[in-house]
Structure formats: structure tokens, C-alpha cells
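**Q** What follows is a predicted structure for the sequence shown.
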Amino acid sequence: MKRYLKTKKAMKYMSVSKSFLEKNMGKIFKKGVHYYQPSDARLLRWDIYALDKWMQGDRTVELSSENSRVLQQLL
């Protein structure tokens, strides 16, 4: 299976709606951790490994990403 999925395939994989994914981008799903979005928005890709961890209840990825953002703002 591919590691990075387009939004439509990520929706099917997780059994969620597109609006769920879009509404939670930047909230529970972190850019650079759960999804990647180059300057061309059409190239949005979801990291299946990070999504698996999130679905299994592993929130450590989110916490470390949030801590990283805070540290970057402080420096």
C-alpha cells in the first residue's frame, strides 16, 4: 500500500467525510505530520502511517508537532 494518499482515498481509508478532514486540518491533523501540502494545493497528500497512529489513539505525534510550533515561535 502507498504511504501517501490523496484526500479521496484517505476518506475511504478512514471512513470519514471530506468535510471532516478539511475542518480538522491544522487542528487535530497537523500539516507536516498528518498531511503535506506543497504550494500547489491540488497536491495535498495524507500520510497513512500518521493517520493509522491517530486512529489507534496515539496523540504523541500531535503533541510533539504542537510543541515544535511553539518552540519555533519562541526562537
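**A** Yes, it's here.
**Q** Verify the stated contact: residue 21 with residue 11.
**A** Yes: Residue 21 lies in contact with residue 11 (CB atoms under 8 Å); the separation is 6.4 Å. The way it works is simple: take the backbone N, C-alpha and C, and place the C-beta from them, glycine included.
**Q** Give me the three-state assignment for residue 2.
**A** Of the three states, residue 2 takes coil under DSSP: H, G, I helix; E, B strand; the rest coil.
**Q** my read: it touches residue 48, true?
**A** Yes: if you go by CB under 8 Å, residue 2 and residue 48 touch, sitting 7.2 Å apart.
**Q** More neighbours: which of those two?
**A** The neighbour comparison of residue 2 against residue 48 (other CB atoms under 10 Å) goes to residue 48, with 18 against 8.
**Q** mind listing what that one touches?
**A** Contacts for residue 48 (CB atoms under 8 Å, 6 or more residues apart in numbering) come out as 1, 2, 3, 4, 5, 10, 13.
**Q** ok, now how distant is the nearest residue to the fourth one once chain neighbours are set aside from residue 12?
**A** In other words, residue 4. Closest residue to residue 4 apart from its sequence neighbours, by CB to CB, 6 or more residues apart in numbering: residue 45 at 4.0 Å. Relative to residue 12, residue 45 is positioned 15 Å away (CB to CB, to the nearest Å).
**Q** Grab the most central residue of this protein for me.
**A** The chain has residue 34 as the residue nearest its centroid, 2.1 Å off, counting by CA atoms, centre = their mean.
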